[in-house]
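Novice: Predicted model, plus sequence, below.
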Amino acid sequence: MSTEQRGTEGPDRGPAIELRSASKSFRTPSGALHTAVRDLDLTVGRGEFVAVVGPTGCGKSTTLTLVSGLEEPTDGEVLVAGEPVDGIGDKVGFVFQQDAVFPWRTVLSNVMAGPRFRGASKAEARERARAWLARVGLASFEDRYPHQLSGGQRKRVALAATFVNDPEILLMDEPFSALDVQTRALMSDELLDLWSGTGSSVVFVTHDLEESIALADRVVVMTAGPATVKRVFDIDLPRPRKVESIRLEPRFIEIYREIWESLGEEVRITRERGAADVA
Amino acid sequence: MSPDTIAAALAKPTERTKARARAARNRRFLVHGSRVVLLVAVIALWEVLARTKAIDPFNFSMPSKIWEQIRDWAVYGTAQGSLWEQIWYTLYEALLGWIIGVLGGVVLGITLGRIRFLADVLGPYIKVLNAIPRIVLAPIFLIWFGLGPASKVASAVVLVFFPVFFNAFQGAREVDRNLVNNARILGASNRRVTLQVVVPSATSWIFTSLHVSFGFALIGAIVGEYIGATKGLGLLVAASQGTFNAAGVYAAMAILAVVALLTEGLLTFAERRLFRWRPSEPGTDR
């Protein structure tokens, strides 16, 4: 399975994403300079699924906005497919934490939006959208409006709307964090299913360690903010995986313990800072 | 469990549902009935007080006289021409002023909401213009555009423009960042983002201002006519006042109220059609 997914990876083709000592600072409303990301080095290979975990609010999401081109790094370089990121490219898909479906469009129209924005004809966009809606199991819901769907269904619409553009790079910012536990496991399985065979590279940001191990080829642990890479762990669990059952396997638990040792420390630091802020 | 008890258990809630529906119906009747009673009581009281001269009928007129006046106008026409023509003129001026004001307000509001530079440059001037009580412009428009409809349309436009503008501006500013980012990632150009994300999200803001602003358009038209015109309901008010015909003033007011309510109803209908994507019941998600 994994050889098939990495079939596009070759010696002549560089990594899908490369961050070279990238930093990002913001001006806060009060005028102070807040550094979200500092000296970040990260490489994501083609067809690779990388999960980024770190304490809440450490700057994980900022990393994604740098790769997507929504924000520019203050310092350092961000390369996608070997080329520096300059604005929003057409290779990237982004699944947001909050609902980002258009509430005034029907389900079908939401999924058609991407191809339409990129100049596809109406008929072609509709055909592609219908195919993806069928894959996420929402074929019979195409005339509904988002408010008529459940949270899980809306997330499926968002996934279909992203995948329909055939992104080479898929950025996901805690996409399932608003869902209940059962729906979450289901959606994770579906994500793996949709992803397999697309050959796209995924960066999946989460604060849930279990989720990251179950999904990813590599797990990147971030430090407490300003975020930078603390350690990278290879996940050698075989694919295809089923999220619900894999977390019971001894190897999974072993990996979990190993990574938590690294991550737990950062979480503790964040917590202590939070307590200091409150005091 | 025997089938009987199951049937009984099923029958019970339907009994209760029926009772509840009946109670709701009764309450509706009560509310509507009370409304009618209140209206009749007020009109009757007015009539009685005026007839018994407890209030001066010359100043306050009385419902029966007002009704007669409306019927007279409707059947025999007014001194200025047929009643329908007067209504049509006022409505025409108000509608035209409203449409121009709304279009201008929406376009400029969205543009300034999207283009920060323009907003920063024009912001203070718009605030100054907004601070002027714009109804005082009506006499100036009369001088500029004459006694015809143009001067009334102009006063309606200036009254309508600002509330619509500020709402559209605010609506364009407060678009969900996620939606804009999502559209951009999906490949939308700036123009597409404006037309397909900003405008639809601002519509709910704009629509709230449409209701209020139609009232403003009517005010603009009426005041314009009142100051100087050859046709219109405002002219009827002015003419009635000039002949000390209190019933005429009240009659024109009553006609105006009906016209305003009807257009308001049309607007609500249009809004419902346009906002099908929104949940109908309050309290549901989003």
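Specialist: Thanks, I have it.
Novice: how close does A:Leu64 get to A:Ala51?
Specialist: Computed as Cβ to Cβ, to the nearest Å, the A:Leu64 to A:Ala51 distance reads 12 Å. Backbone N, C-alpha and C define where each C-beta goes, glycine included.
Novice: And A:Ala16, by the same measure?
Specialist: On the measure of Cβ to Cβ, A:Ala16 and A:Ala51 end up 15 Å apart.
Novice: And for residue 32, the neighbour number?
Specialist: All of this refers to chain A. Close neighbours of A:Ala32, defined as other Cβ atoms under 10 Å in any protein chain shown, add up to 8.
Novice: right idea, wrong chain: chain B
Specialist: 10.
Novice: Next SSE downstream of the helix or strand where A:Thr43 lies?
Specialist: Using DSSP states H and E, A:Thr43 falls within strand A:33-44. For strand A:33-44, the succeeding helix or strand toward the C-terminus, using DSSP H and E, is strand A:49-53.
Novice: and that next one, which residues are buried?
Specialist: A:49-53 (16 or more other Cβ atoms under 10 Å in any protein chain shown).
Novice: can you give me the strands for chain A?
Specialist: Using DSSP state E, the strands of chain A run over residues A:17-27, A:33-44, A:49-53, A:75-80, A:83-84, A:92-95, A:169-173, A:201-206, A:218-222, A:229-234.
Novice: on that earlier part again, from the buried residues of strand A:49-53, which is closest to B:Asn245?
Specialist: Closest approach between those and B:Asn245, by Cβ to Cβ: A:Val52, at 80.2 Å.
Novice: My read is that the closest one contacts A:Phe204, right?
Specialist: Yes: A:Val52 lies in contact with A:Phe204 (Cβ atoms under 8 Å); the separation is 7.0 Å.
Novice: Give me the common contacts of the two.
Specialist: A:Ser212 (Cβ atoms under 8 Å, 6 or more residues apart in numbering or on different chains).
Novice: now the strands of chain A in a markdown table, with mean pLDDT and distance to A:Gln148?
Specialist: Formatted as a markdown table, the strands of chain A follow (pLDDT from 0 to 100; distance: least, Cβ to Cβ, whole Å):
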| stretch | mean pLDDT | distance to A:Gln148 |
| --- | --- | --- |
| strand A:17-27 | 89 | 37 |
| strand A:33-44 | 88 | 37 |
| strand A:49-53 | 93 | 32 |
| strand A:75-80 | 90 | 36 |
| strand A:83-84 | 87 | 42 |
| strand A:92-95 | 92 | 21 |
| strand A:169-173 | 93 | 25 |
| strand A:201-206 | 93 | 28 |
| strand A:218-222 | 92 | 37 |
| strand A:229-234 | 90 | 41 |
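Novice: Go through these and name the closest to B:Phe216.
Specialist: Smallest distance to B:Phe216 across the strands of chain A (Cβ to Cβ): 40.6 Å, for strand A:17-27.
Novice: Residues contacting the closest one, please?
Specialist: Under Cβ under 8 Å, 6+ apart, the answer for strand A:17-27 is A:33-44, A:59, A:62-63, A:66-67, A:71, A:73-80, A:82, A:169, A:201, A:203, A:226.
Novice: Can you list the strands that it pairs with?
Specialist: Sheet pairing of strand A:17-27 (DSSP bridges) gives strand A:33-44 (antiparallel), strand A:75-80 (antiparallel).
Novice: Could you dump these into a markdown table with mean neighbour count added?
Specialist: Output for the strands paired with strand A:17-27, formatted as a markdown table (neighbours: other Cβ atoms under 10 Å in any protein chain shown):
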| stretch | mean neighbour count |
| --- | --- |
| strand A:33-44 | 19 |
| strand A:75-80 | 18 |
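Novice: Spatially, which residue comes closest to residue 111, not counting chain neighbours?
Specialist: No chain specified, so I'll use chain A. Among residues not flanking A:Val111 along the chain, A:Ala129 sits closest, at 3.8 Å (Cβ to Cβ, 6 or more residues apart in numbering or on different chains).
Novice: Actually, chain B is the one I wanted.
Specialist: Closest residue to B:Thr111 apart from its sequence neighbours, by Cβ to Cβ, 6+ apart: B:Leu118 at 6.6 Å.
Novice: cool, and A:Gly69?
Specialist: A:Ile88 (4.3 Å).
Novice: That neighbour contacts A:Leu70, correct?
Specialist: Yes: using Cβ under 8 Å, A:Ile88 makes contact with A:Leu70 at a distance of 6.7 Å.
Novice: Give the residues shared as contacts by the two.
Specialist: B:184-185.
Novice: what mean pLDDT would you report for the biggest helix by length in chain A?
Specialist: Identified as the longest helix of chain A according to DSSP state H is helix A:250-278. Averaging pLDDT along helix A:250-278 gives 86.
Novice: before we move on, back to that, tilt between the strand holding A:Thr43 and strand A:49-53?
Specialist: 150 degrees (axes from the mean of the first three to the mean of the last three Cα atoms, to 10 degrees).
Novice: what residues does stretch A:77-90 touch?
Specialist: In this structure, residues lying in contact with stretch A:77-90 by Cβ under 8 Å, 6+ apart are A:13-22, A:66-70, A:72, A:91-92, A:118, A:165, A:168-169, B:184-185, B:187.
Novice: Which ChimeraX command selects the buried ones in those residues?
Specialist: ChimeraX command restricting the contacts of stretch A:77-90 to the buried ones, with burial defined by 16+ other Cβ under 10 Å:
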select /A:14,15,16,17,18,19,22,66,67,68,69,70,91,92,165,168,169 /B:184,185,187
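Novice: which residues in the stretch 51-200 of chain B form helices?
Specialist: B:57-60, B:63-76, B:83-114, B:116-131, B:137-145, B:149-173, B:177-186, B:190-193, B:199-227 (DSSP state H, counting those that start in this stretch).
Novice: wait, which of these is closest to A:Asp173?
Specialist: Nearest of those to A:Asp173, taken as Cβ to Cβ: helix B:177-186 at 10.0 Å.
Novice: What residues sit buried inside the closest one?
Specialist: B:178-186.
Novice: Stretch B:257-274 now?
Specialist: Those would be B:259-260, B:263, for stretch B:257-274 by 16+ other Cβ under 10 Å.
Novice: Same question for stretch A:178-196.
Specialist: Buried, per 16+ other Cβ under 10 Å, within stretch A:178-196: A:179, A:183-192, A:194-196.
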